[in-house]
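J.: Fold the following for me, if possible:
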Amino acid sequence: MKTITIEELLHWAFVHELGKGGGVNGLDHSGSAWRQMNSSSWGLVSNYAELCTLIDRDRSANDMWIEQGAPHDDALEVGQAVKDLANLEVVFPEGLALLSDWPETHGLADEVIAHAIGRYKLRSPQTRQTHIIGLVISMAVMNRIPDFEAPVPEIQKISRHGQPLWFVKQKYEDAFGRSMIVEVDGYNPKAKRPLKGAYQKYEFLTDPTADIMGRIDYQVWVAALKQLEKNLMTRLIDHRLVYSDLSFAPWLEGYDGVGISFNQTNRSAVREKFSAPC
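T.: Alright, predicted model coming up:
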């Protein structure tokens, strides 16, 4: 029995095993394990099957294709476990350390984190769930981890024509008598000074949302691998999984706090048995 990490197991299964069964036509044959997965309402897989071919195949010889024979039973268990990730929904707990390595940003970091999480939640449930699978497969095939680099953008005061703007909050009553607090111009042009209680605001020179989405993807990937470890620990025949020491925030030294997690959904469309080709 071979001792292996979840990252090594996924790479072995998706690159070396699940391309088998297609004969001379390889992945394009309806009998290949990839196509079996594809025909089971997992169309996303075909995109990564192409990546698998590029990595595993010696393209210097036109008559070569992925090693044939039946996929290993442990690889089929991996394929089923990854497929079952489509039954999970991402949960964003309080206290995520997505930008805890950044210095003081005058509250801008919290705002842009909320914006990035909001963008993620705007995706359809199917898109979110297939995205989890896509992350796992693509990282396994390419044998890498999601990019989590997020350099701190420069910060400047909000200004107009080179002059910093001032803001103040005032109570406002609408036509229906409803009271609300609104933010208005906080500078008195006659006195040429800010109003009492006025404050300035800041902005990033460049939008860091894409980098934060990358860190969300990284945490989703880590959570998915931990879920796979749990689900596969007792289902393998020839492999023994060792728990990964992946951190949810490798940008923070020694971090052992919370990260993104999953809830089970009620989806059943992807629960049909994943099996080897006949």
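J.: for the stretch 51-200 of the chain, which spans come out with low pLDDT?
T.: 51-68 (pLDDT under 70).
J.: so where do the strands sit in it?
T.: With DSSP state E, counting those that start in this stretch, the ranges of strands along the stretch 51-200 of the chain come out as 88-91, 155-157, 159-160, 163-164, 167-173, 179-185, 187-188, 193-194.
J.: Give me whichever of those is most buried.
T.: Mean neighbours per residue, mean count of other Cβ atoms under 10 Å, is largest over the strands of the stretch 51-200 of the chain for strand 88-91, with a mean of 17. For glycine as for every other residue, the C-beta is placed from the backbone atoms N, C-alpha and C.
J.: which neighbours does that strand have in its sheet, and in what orientation?
T.: Partner strands and pairing direction for strand 88-91 (DSSP bridges) are strand 261-264 (antiparallel).
J.: tell me the domain boundaries of the protein?
T.: Here the domain parsing of the chain from automatic domain parsing is 2-99+124-147+219-264, 159-200.
J.: In a markdown table: those domains, plus distance to Ala210.
T.: Shown next, in a markdown table, are the domains of the chain (distance: least, Cβ to Cβ, whole Å):
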| stretch | distance to Ala210 |
| --- | --- |
| domain 2-99+124-147+219-264 | 10 |
| domain 159-200 | 25 |
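J.: picking up where we left off before, quick one: closest of the strands of the stretch 51-200 of the chain to Ala75.
T.: strand 88-91 (21.2 Å; Cβ to Cβ).
J.: picking up where we left off before, among the domains of the chain, which is the most enclosed?
T.: The highest mean neighbour count among the domains of the chain, using mean count of other Cβ under 10 Å, belongs to domain 2-99+124-147+219-264: a mean of 17.
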